[in-house]
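predicted model and sequence follow; I will ask about them next.
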Amino acid sequence: MFFIANTICKMSKIKHIATQLTDAHFDDIWQLYTTAFPCSERRELQQQKELLRVAQKYHCDGLFVDDDFLGLFFWWNFAELRFIEHFAILPQFRNKGLGEKVLCNEICYTQPPYRKGEKEVELLLLSYPSKLTDKELNYFYKECFPKIYSEW
């Protein structure tokens, strides 16, 4: 318990570390990803690997305090915004206000299915540090959405 409390006290020292498929922590990231999101809200491993290899705008970051793995981001880097496709924190660090420090502004949106034969998923589009403007939201749907949800 001391480790968790000690780590939470140091949350201001959270580091986002770009993670490659070959990095030691990718297995930790993948394990969290598959347990934090239902099948309909996540990509398959082979699909994720291919996307990380070929899509220059797509990234995987591990969240760490010191050398301790805390969570993950899968995100897209577009000219006018960054889209966090997935954000998850290990269960022992949840409900500590970390999400509120990172994400805000809820807008309903529909995610196309990641797998053939699956249904669309109703989700929330979150933003940080402020609410998305109409211009930013239009940019997301026109420029980003087609690239994020294209066939991989």
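Good, I have the coordinates.

now the residue nearest the centre of the chain: how far from residue 18?
Using Cα atoms, centre = their mean, the residue of the chain that lies closest to the mean C-alpha position is residue 86, 2.4 Å off. Separation of residue 86 from residue 18 (Cβ to Cβ, to the nearest Å) stands at 15 Å. From N, CA and C alone the C-beta is placed, and that goes for glycine too.

how about the strands in this structure?
Assigned by DSSP state E, the strands in the chain fall at 14-18, 58-65, 68-77, 82-89, 104-111, 121-127.

make CSV from these and add distance to residue 48 and mean pLDDT to it.
Below are those laid out as CSV (distance: least, Cβ to Cβ, whole Å; pLDDT from 0 to 100):
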stretch, distance to residue 48, mean pLDDT
strand 14-18, 15, 71
strand 58-65, 8, 88
strand 68-77, 8, 89
strand 82-89, 10, 90
strand 104-111, 15, 78
strand 121-127, 17, 82
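
can you put these in a markdown table and add distance to residue 42?
Putting those into a markdown table (distance: least, Cβ to Cβ, whole Å) gives the following:
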| stretch | distance to residue 42 |
| --- | --- |
| strand 14-18 | 20 |
| strand 58-65 | 13 |
| strand 68-77 | 9 |
| strand 82-89 | 7 |
| strand 104-111 | 10 |
| strand 121-127 | 10 |
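
coming back round to it: is it true that the residue nearest to the centre of the chain touches residue 71?
No. If you go by Cβ atoms under 8 Å, residue 86 and residue 71 don't touch, sitting 10.1 Å apart.
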